[in-house]
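1. Could you work out the structure for the sequence below:
(one chain, ligands or ions: 1)
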Amino acid sequence: MQLLDGKKVSEDIKNEIAAEVQKMRDKGEKVPHLAAIIVGNDGASLTYVGSKVKACERVGFESTLIKMPSTTSEKELLKKIEELNQDTNIDGFIVQLPLPPQIDTQEVLMAIDPSKDVDGFHPENFGKMALDMSTFIPATPFGILELLERYNVQTQGKHTVVIGRSHIVGRPMSILMGRKGFPGNSTVTLTHSHTKNLNQITSQADIVISALGVPNFLKAEMIKDDAVIIDVGITRVEDPTTEKGYKIVGDVDFENVSKKASYITPVPGGVGPMTIAMLLKNTLLARENGIK
Ligand code: NAD
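-> Numbers count the residues shown, from 1 in each chain. Coordinates of the predicted model:
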């Protein structure tokens with residue numbers, strides 16, 4: 001079994017990005033600037049957005065964190081988005097999800113200028129992705145592709161089973177694994193909460209990408225020998241033995257599944273750190289006007 005070490009690979013990527021930023025600095029050019037909007041005080045969201053800002057500092061980007069109260073109206077948020085769309089100093093920005101119930105998430109995502117949409121959630125960018133065009137790929141699926149590529153995990157002609165069809169992970173992942181090229185060229189089955197006989201489907205998979213958010217959901221008896229296992233799940237479970245009082249667990253019963261798998265991502269230290277690294281990569285692309 002080979003561990004797909006997202007912690008290490010994400011550090012490599014951050015070093016590569018930092019070197020690019022240093023070149024820009026040396027030439028007296030503007031460095032990439034990422035802004036993030038967070039609405040409300042959700043603990044997990046504040047942690048995620050904090051890690052994103054910290055990662056910007058680490059690679060030499062500029063960053064701006066905009067905190068808005070949980071009572072913010074959709075109109076107020078759309079106004080802030082328009083300001084960022086117009087601000088030539090900001091290369092890319094994200095709106096941290098989830099948003100409070102009074103705000104329509106789809107309206108918000110559609111208001112972001114596609115050329116600054118470094119999360120890749122705007123329908124224009126999502127459509128381009130599905131059409132094999134150059135665009136911003138949502139950071140988590142992008143990170144998974146990067147891991148597969150850097151470990152040279154073969155995907156051509158393989159059967160990939162994706163569990164979960166969210167717009168930010170499962171759905172784009174299913175599209176990307178079936179696209180032409182590497183990583184891609186696989187035959188994809190997208191499964192979800194209405195899928196029947198999931199065990200039968202996963203046990204035929206060469207590659208399983210699990211993104212549902214249920215701890216220890218994927219068991220050893222659900223996979224075949226030497227399958228590649230990508231665990232996207234992040235669930236906080238109480239753990240009084242830790243300083244924070246909780247620990248992070250994935251969707252995969254790592255202890256038993258890892259004995260059967262050929263490659264596997266750990267949680268933490270797998271897909272999570274890759275997500276942040278690829279957000280930085282998208283911001284660098286936005287700065288370089290790489291997206292046409
Ligand atoms: P979500 O919560 O929006 O959707 C879950 C999906 O799982 C749905 O499509 C649902 O149909 C499917 N599902 C639920 N129960 C199922 C079952 N019994 N069998 C088959 N499918 C089932 O998903 P999300 O936002 O993609 O998040 C999924 C997990 O990934 C969460 O734990 C989240 O925290 C994590 N996540 C991690 C990263 C990362 O960077 N590692 C990024 C995003 C999300």
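2. Please work out which residue of this structure is closest to the ligand.
-> Among the residues of the chain, Gly213 lies nearest to the ligand; the distance is 2.8 Å by C-beta to the nearest ligand atom. Quick note: C-beta positions are derived from backbone N, CA and C, even for glycine.
3. and the residue lying closest to that residue once chain neighbours are set aside, what helix or strand is that in?
-> Nearest in space to Gly213, with sequence neighbours left out and distances taken as C-beta to C-beta, 6 or more residues apart in numbering, is Gly233 at 5.2 Å. Using DSSP states H and E, Gly233 sits in no helix or strand.
4. wait, Gly233 sits on Asp251?
-> Yes: using C-beta atoms under 8 Å as the test, Gly233 is close enough to Asp251 to be in contact (3.2 Å).
5. what's the overlap in contacts for these two?
-> 210-215, 217 (C-beta atoms under 8 Å, 6 or more residues apart in numbering).
6. Drop anything exposed from those.
-> Of all these considered here, the ones buried according to neighbour count by 16 or more other C-beta atoms under 10 Å are 210-212, 215, 217.
7. neighbours of the residue nearest to Asp132 when sequence neighbours are not counted, just the number please.
-> Counting by C-beta to C-beta, 6+ apart, Arg179 is the residue found nearest to Asp132 once chain neighbours are left out, at 5.7 Å. Other residues within reach of Arg179, judged by other C-beta atoms under 10 Å, total 17.
8. what's near enough to touch Asp5?
-> With contact taken as C-beta under 8 Å, 6+ apart, Asp5 is in contact with 266, 269-270.
9. which other helices and strands contact the helix or strand hosting Ile144?
-> Element membership of Ile144, judged by DSSP H and E, is helix 139-150. Helix 139-150 makes packing contacts with helix 6-26, helix 170-178, strand 228-231, helix 271-287 when contacts are defined by 3 or more C-beta pairs under 8 Å, 6 or more residues apart in numbering; DSSP states H and E.
10. Could I get those in CSV, plus columns for mean pLDDT?
-> Written out in CSV, the entries for the helices and strands packed on helix 139-150 read as follows (pLDDT from 0 to 100):
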stretch, mean pLDDT
helix 6-26, 98
helix 170-178, 98
strand 228-231, 98
helix 271-287, 97
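11. Let's have these in CSV, adding mean neighbour count.
-> Shown next, in CSV, are those (neighbours: other C-beta atoms under 10 Å):
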stretch, mean neighbour count
helix 6-26, 16
helix 170-178, 23
strand 228-231, 26
helix 271-287, 25
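12. got these as CSV, with distance to the ligand columns?
-> Listed next are those as CSV, based on distance: least, C-beta to the nearest ligand atom, whole Å:
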stretch, distance to the ligand
helix 6-26, 9
helix 170-178, 6
strand 228-231, 8
helix 271-287, 3
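13. you'd agree Cys282 is up against Ala139?
-> Residue 282: Asn, not Cys. Yes: using C-beta under 8 Å, Asn282 is in contact with Ala139, at 6.6 Å.
14. Pull up the overlap in contacts between these two.
-> Between them, Asn282 and Ala139 share the contacting residues 118-120, judged by C-beta under 8 Å, 6+ apart.
15. and those residues as a markdown table, adding distance to the ligand?
-> Converted to a markdown table, those look like this (distance: C-beta to the nearest ligand atom, whole Å):
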| residue | distance to the ligand |
| --- | --- |
| Val118 | 15 |
| Asp119 | 11 |
| Gly120 | 13 |
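16. Take these and write them to TSV, including secondary structure.
-> Compiled in TSV, the shared contacts of Asn282 and Ala139 are given as follows (DSSP: H, G, I helix; E, B strand; the rest coil):
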residue	secondary structure
Val118	coil
Asp119	coil
Gly120	coil
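17. can you list the residues you listed in a markdown table and add neighbour count, distance to Leu148 and pLDDT?
-> Below are those laid out as a markdown table (neighbours: other C-beta atoms under 10 Å; distance: C-beta to C-beta, whole Å; pLDDT from 0 to 100):
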| residue | neighbour count | distance to Leu148 | pLDDT |
| --- | --- | --- | --- |
| Val118 | 30 | 21 | 98 |
| Asp119 | 24 | 21 | 97 |
| Gly120 | 26 | 18 | 97 |
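18. picking up where we left off before, and which of the shared contacts of Gly233 and Asp251 is nearest Thr71?
-> Sorting the shared contacts of Gly233 and Asp251 by distance to Thr71 puts Gly213 at the head of the list, at 27.4 Å, by C-beta to C-beta.
19. Surely that closest one and Asp231 touch.
-> No: using C-beta under 8 Å as the test, Gly213 is too far from Asp231 to be in contact (10.8 Å).
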